[in-house]
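Novice: no FASTA, just this:
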């Protein structure tokens, strides 16, 4: 018999009505609540309105997938439209073209953590001072979570308010009609395509004994 | 004018038909592909079959939310049914009851990274030798991704094959009829409830000047 610890002892019981714990709502009481939350289908906006999560398994070693992703230039390969990466005068800040927009520059700084295997691309269209488009990625060892060799890649974007309105219109090329946020509704599919690209590239290289990070990046 | 880097120069062009890049599929060609992937609704299994991602914004400081989560005993508060955490003889490995199952022990080892603010709960029912139920969480500074103070919490579970079949039936208490994997289909709602709990607890404490990690954990 375990003894419960003094959980929530600093909070008066009646003030957290939104909290659902087995002490106050046993399985019999909670099951209909859960069943009522489950759906056979979920609307696009509920799934991808504020967050855009995509995930996949990749048959390639996690450390190598992580190292590949942590090189900003990997985006030249697996993204749909980021091309021509050149490091700017500011170390670690890269400039490239986002061919989704005419004459559109995108700036990227990659922040990677080798222990957690997180890879975050901090980006922005047009200017490199405020990198507000953040692609949060993480590589996980599939042995741990799927009991097989390989990698799991988790990728989440958050709908920053600047997607809805360009905060730096003066930095845009003259006459450009599109804004990156116009594509938010398509991100779930667009990122799915790009994750499929990443998977295909990594799996081809791993299966053919090629280094996951190609020679041209070295 | 940017010059494209030698992306994919190590791979013969024809062998990666699954890769979709703007060079071979321009916006005009790609838009219908993307539109065809988008749906007004998505089936449960497509959204939560192999991965179970949930996310939310929490109006509380990210470093404090991270520190709270990284203490295994926080699970005593915000989970639905994990209670009575006691550290085992093996340092960092905790035993508690999962009251979802009768007489069911759950073992947890928390692996946290303060720089990436990842918090992974490596757990298992019944035995603590093979912790295959992995709750991958991450705290993100909402200032960066939502342009406002607070935290974003990302949480993903992967459908490990042991969810479908108990690999250590001999470790189960005699006569127990349920298995943790029986609940996989409900994880999206169950984790949503638990993330709501976490949000409510953290926001109450932050709003009332209470330490996010309560005194009893210290």
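Specialist: All right, it came through fine. Quick caveat, the model's predicted, so the values are computed rather than measured. Residues are numbered from 1 along each chain as shown, chains lettered A, B, ... in the order given.

Novice: where along chain A do the strands fall?
Specialist: Under the criterion DSSP state E, chain A carries strands at the ranges A:41-43, A:51-58, A:82-87, A:93-98, A:105-113, A:118-125, A:133-141, A:151-158.

Novice: hmm, who's touching the one helix or strand in chain A whose mean pLDDT sits lowest?
Specialist: Ranking every helix and strand in chain A by mean pLDDT, DSSP states H and E puts helix A:27-37 at the bottom, with a mean of 95. Contacts with helix A:27-37, where a contact means C-beta atoms under 8 Å, 6 or more residues apart in numbering or on different chains, come from A:20, A:22, A:25, B:80, B:100, B:186, B:188, B:189, B:190, B:192, B:193. Where you see a C-beta, it was placed from the backbone N, CA and C, and this is true even at glycine.

Novice: likewise stretch A:93-105?
Specialist: Against stretch A:93-105 from outside (C-beta under 8 Å, 6+ apart): A:72-73, A:75-76, A:80-88, A:106-110, A:125-126, A:128, A:173, A:176, A:178-180, A:183, B:2, B:22, B:27.

Novice: How about stretch A:49-57?
Specialist: So stretch A:49-57 is contacted by A:142, A:146, A:150-159, A:184, A:187-188, A:191-192, A:195-196, A:199, B:50-51, B:53, B:55, B:57, B:154, B:156, B:158 (C-beta under 8 Å, 6+ apart).

Novice: Which strand residues bridge residue A:97?
Specialist: When bridges are called by DSSP bridges, residue A:97 pairs up with residue A:83, residue A:105.

Novice: pLDDT at it, what is it?
Specialist: Per-residue pLDDT puts residue A:97 at 97.

Novice: Tell me how many other residues crowd it.
Specialist: Neighbours of residue A:97 under the rule other C-beta atoms under 10 Å in any protein chain shown: 21.

Novice: Look up how far residue A:153 lies from it.
Specialist: Distance of residue A:97 to residue A:153, given as C-beta to C-beta, to the nearest Å: 25 Å.

Novice: And for residue A:144?
Specialist: Separation of residue A:144 from residue A:153 (C-beta to C-beta): 14 Å.

Novice: Neighbour count for these two, which is higher?
Specialist: Set side by side, residue A:144 and residue A:153 show more neighbours around residue A:153, with 25 against 17, by other C-beta under 10 Å.

Novice: Can you list the buried residues in stretch A:22-41?
Specialist: The neighbour-count check on stretch A:22-41 (16 or more other C-beta atoms under 10 Å in any protein chain shown) flags A:22, A:30, A:34 as buried.

Novice: er, stretch A:113-121 I mean
Specialist: Quick answer for stretch A:113-121 (16+ other C-beta under 10 Å): A:113, A:116, A:117, A:118, A:119, A:120, A:121.

Novice: The fifth one contacts residue A:139, doesn't it?
Specialist: Yes: counting by C-beta atoms under 8 Å, residue A:119 sits close enough to residue A:139 to count as a contact (7.1 Å).

Novice: Which neighbours do those two have in common?
Specialist: Common neighbours of residue A:119 and residue A:139 (C-beta under 8 Å, 6+ apart) are A:66, A:69.
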